[in-house]
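Q: following is a predicted model, sequence given first.
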Amino acid sequence: MTDTSSRPNSKVARVIEAYDLAGLGAQLERQWTGADGDRTSLRDLADVFNRRVLEAA
């Protein structure tokens, strides 16, 4: 059995870690909560996330 205690819980966190996209999670969170102004929809955030992953791949 594999020790997963230090492994990120969410799929998004695992992908961010796997593709070395440090800071992307915080950026998405700021956009979703509207910390920098207008809030961004989850659908638009998913598009941003997927594009960044494709660029990294």
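A: Cool, got the structure. Numbering: from 1, shown residues only.

Q: setting the sequence-adjacent residues aside, check what's closest to A22.
A: I16 (7.5 Å; Cβ to Cβ, 6 or more residues apart in numbering). The C-beta positions use only the backbone N, C-alpha and C, and glycine is treated the same way.

Q: does that neighbour belong to a helix, a strand or coil?
A: helix (DSSP: H, G, I helix; E, B strand; the rest coil).

Q: and it, how many neighbours?
A: 22 (other Cβ atoms under 10 Å).

Q: just the helices in this protein please.
A: 11-18, 24-33, 42-56 (DSSP state H).

Q: how about the ones you listed in CSV, adding mean pLDDT?
A: Listed next are these as CSV, based on pLDDT from 0 to 100:
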stretch, mean pLDDT
helix 11-18, 94
helix 24-33, 94
helix 42-56, 97
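
Q: W32: what's it in contact with?
A: Applying Cβ atoms under 8 Å, 6 or more residues apart in numbering to W32 gives the contacts 39-40, 42, 45.

Q: now render these as TSV, adding distance to L24 and neighbour count.
A: Compiled in TSV, those are given as follows (distance: Cβ to Cβ, whole Å; neighbours: other Cβ atoms under 10 Å):
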residue	distance to L24	neighbour count
R39	17	14
T40	13	17
L42	15	10
L45	10	17
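
Q: list the contacts of the residue nearest the centre of the chain.
A: For the chain, the residue nearest the mean C-alpha position is G25 (4.0 Å; Cα atoms, centre = their mean). The neighbourhood of G25, defined by Cβ under 8 Å, 6+ apart, consists of 12-13, 16.

Q: just curious, which of these is nearest to F49?
A: V12 (6.8 Å; Cβ to Cβ).

Q: burial of that closest one, as a residue count?
A: By other Cβ under 10 Å, the residues close to V12 number 17.
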